[in-house]
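**Student:** 3D, please:
(one chain, ligands or ions: 2)
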Amino acid sequence: MIALDRWLADAETLLATSRRQGLDAVMERAVQATVEALAAGRPLLVCGNGGSAADAQHIVGEMVGRFLKERRALKAICLSSNAAVLTAWANDYSYETVFSRQVEAYAEPGGVVLGISTSGNSRNVVAALEVARAAGMVTIGLTGEGGGRMAELCDHLFAVPSRSTPAIQQVHLCLYHCFCAAVEEAMTNQPAPQPAHG
Ligand SMILES: O=C(CO)[C@@H](O)[C@H](O)[C@H](O)[C@H](O)COP(=O)(O)O
Ligand SMILES: [Zn+2]
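**Tutor:** Ligands and ions are numbered 1, 2, ... in the order given. I've put the predicted structure just below:
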């Protein structure tokens, strides 16, 4: 039997529990930090593995293109999608550092790294957040219950209270659409940052 009701009910229950645990305040602070970064021309870097790699691409698609409104392009980069960078670095060095290497390339103090991992323990996402912290970037995490190793590395943590990867991913989708809409709303009337003069 197809259990569509159960999947929808699970997502709804998890969202309701997250809200009782203070989700709205985390959302507000994460959006504010991201808007501050983007308004100043600093990057939003996003990474994850598997379904979360697709989520990272999805978020960056909304930011660079558009979501619900017409507005200028936003400086967001997906660290999970450049096949040449990923395969060269993983092949020659390690898969564990495929994202942190790219954070090194794009890091700017006050920029944002958003790491997505349902376990909160994927080593390449953890390493990306460690390098982000060292570079003075703001760190945001989308995880499952407790946040795993990412908990202590994230300034703003969305820890969906579940240990089921697909159930967590469904809630992540809802959370990042909300995040994208709020960032877009705040950025709609922002002037483009001026290039620095030497
Ligand atoms: O999308 C799914 C399962 O729904 C899978 O591809 C899943 O993302 C992969 O197994 C990931 O490697 C899981 O990693 P993580 O969420 O623990 O960081
Ligand atoms: Zn979308």
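**Student:** going forward, measure contacts and count neighbours with C-alpha atoms only.
**Tutor:** Fine.
**Student:** who's in contact with Leu45?
**Tutor:** Ala76, Ile77, Cys78, Leu79, Val103, Val112, Val113, Leu114 (CA atoms under 8 Å, 6 or more residues apart in numbering).
**Student:** try Ser100
**Tutor:** Asn124, Val125, Ala127, Ala128, Leu129, Glu130, Val131, Ala132.
**Student:** for the spatially most central residue of the chain, helix, strand, or coil?
**Tutor:** In the chain, the centroid-proximal residue (CA atoms, centre = their mean) is Leu114; its distance is 3.1 Å. Of the three states, Leu114 takes strand under DSSP: H, G, I helix; E, B strand; the rest coil.
**Student:** buried stuff in the strand or helix carrying Ala16?
**Tutor:** Ala16 is part of helix 4-20, with elements assigned from DSSP states H and E. By neighbour count on 16 or more other CA atoms under 10 Å, the buried set for helix 4-20 is Asp10, Ala11, Leu14, Leu15, Ser18.
**Student:** and what of stretch 30-37?
**Tutor:** Applying 16+ other CA under 10 Å to stretch 30-37 flags Ala30, Val31, Ala33, Thr34, Val35, Glu36, Ala37 as buried.
**Student:** Ligand 1 contacts on this protein?
**Tutor:** Taking CA under 6 Å from any ligand atom as the criterion, the chain approaches ligand 1 at residues Asn49, Gly50, Gly51, Ser52, Ser117, Thr118, Ser119, Gly120, Ser122, Thr165, Pro166.
**Student:** hang on, the earlier thing: between the contacts of Ser100, which is closest to ligand 1?
**Tutor:** Nearest to ligand 1 out of those is Val125 (CA to the nearest ligand atom; 7.3 Å).
**Student:** give the contact list for Ala182.
**Tutor:** With CA under 8 Å, 6+ apart, Ala182 has these contacts: Val31.
**Student:** Swap in 10 Å and give it another go.
**Tutor:** Met27, Glu28, Val31, Gln32, Val35, Tyr176 (CA atoms under 10 Å, 6 or more residues apart in numbering).
**Student:** For the fourth one, give its distance to ligand 1.
**Tutor:** Which is Gln32. 25 Å (CA to the nearest ligand atom, to the nearest Å).
**Student:** list the contacts for the nearest residue to that residue once chain neighbours are set aside?
**Tutor:** Of all residues not flanking Gln32 in the chain, Val183 sits nearest, at 7.8 Å (CA to CA, 6 or more residues apart in numbering). Applying CA under 10 Å, 6+ apart, we find Val183 in contact with Glu28, Ala30, Val31, Gln32, Ala33, Thr34, Val35, Glu36, Leu38, Met63, Leu74, His177.
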